[in-house]
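K.L.:
coords please:
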Amino acid sequence: MPTNYLVAIHESVEQLAAREKALRGQPAALRVHALRLLKRGQVRSLATCASQVGYSARQLRRWWRQYQRSGLDGLLTIKHAPGQKPYMTATAWSDLETEMRAGRIAQLADAQRWLRERHGIQYTLGGLWGQFQQHGIKLKTGRR
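P.N.:
Presented below is the predicted three-dimensional model:
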């Protein structure tokens, strides 16, 4: 028996439109858009809705199950993988910043060597550059 999305979705079309507008530019906005299409009756199934929002029908079924279990707030919670914990400790960062401010470290290779010798932390140049970007540290460049 097909699901009657007009009844199954608890929020009104206006509430969904307002929530979608608030989330504009974020990945969760498409989830609300899909619910709004279903609530309005523009699409009658998850499969047709999937083609409208650019996702697979399987992904929309996952979203629908999440909505049924947790409601709109649960649907909008996007979990991110935690990733690898950085090797850099707070002590190493403060020591490195002190050395850079003193002018004893001028290049990434210098920082890489200093971290390896003083703190036993090994980074590739790309990995160290990524850590610098995350902490908002920019390379100094010479002026004419």
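K.L.:
CA only for contacts and neighbour counts going forward, please
P.N.:
Noted.
K.L.:
just wondering, since we're on the spatially closest residue to Leu76 that is not a sequence neighbour, how far is it from Glu20?
P.N.:
In this structure, Leu76 finds its nearest non-sequential neighbour in Ala28, 5.5 Å apart by C-alpha to C-alpha, 6 or more residues apart in numbering. Distance of Ala28 to Glu20, computed by C-alpha to C-alpha, to the nearest Å: 8 Å.
K.L.:
Buried residues of the helix or strand hosting Gly127, list them for me.
P.N.:
Using DSSP states H and E, Gly127 falls within helix 125-134. Of all the residues in helix 125-134, those buried under the rule 16 or more other C-alpha atoms under 10 Å are Leu128, Trp129, Gln131.
K.L.:
Put the alpha carbons of that helix into PDB.
P.N.:
Coordinates of each C-alpha in helix 125-134 appear next as PDB, following Å, rounded to 0.1, in the frame of the first residue of the first chain:
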ATOM      1  CA  LEU A 125      55.000  18.600   4.000                       C
ATOM      2  CA  GLY A 126      51.400  18.300   2.700                       C
ATOM      3  CA  GLY A 127      50.200  17.100   6.000                       C
ATOM      4  CA  LEU A 128      52.000  19.900   7.900                       C
ATOM      5  CA  TRP A 129      50.600  22.400   5.500                       C
ATOM      6  CA  GLY A 130      47.100  21.100   6.100                       C
ATOM      7  CA  GLN A 131      47.600  21.500   9.900                       C
ATOM      8  CA  PHE A 132      48.800  25.100   9.300                       C
ATOM      9  CA  GLN A 133      45.700  25.900   7.200                       C
ATOM     10  CA  GLN A 134      43.400  24.400  10.000                       C
END
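K.L.:
Show me what the host helix or strand of Gln52 is packed against.
P.N.:
Gln52 is located in helix 46-53, with elements delineated by DSSP H and E. Of the remaining helices and strands, those touching helix 46-53 by 3 or more C-alpha pairs under 8 Å, 6 or more residues apart in numbering; DSSP states H and E are helix 28-40, helix 57-76.
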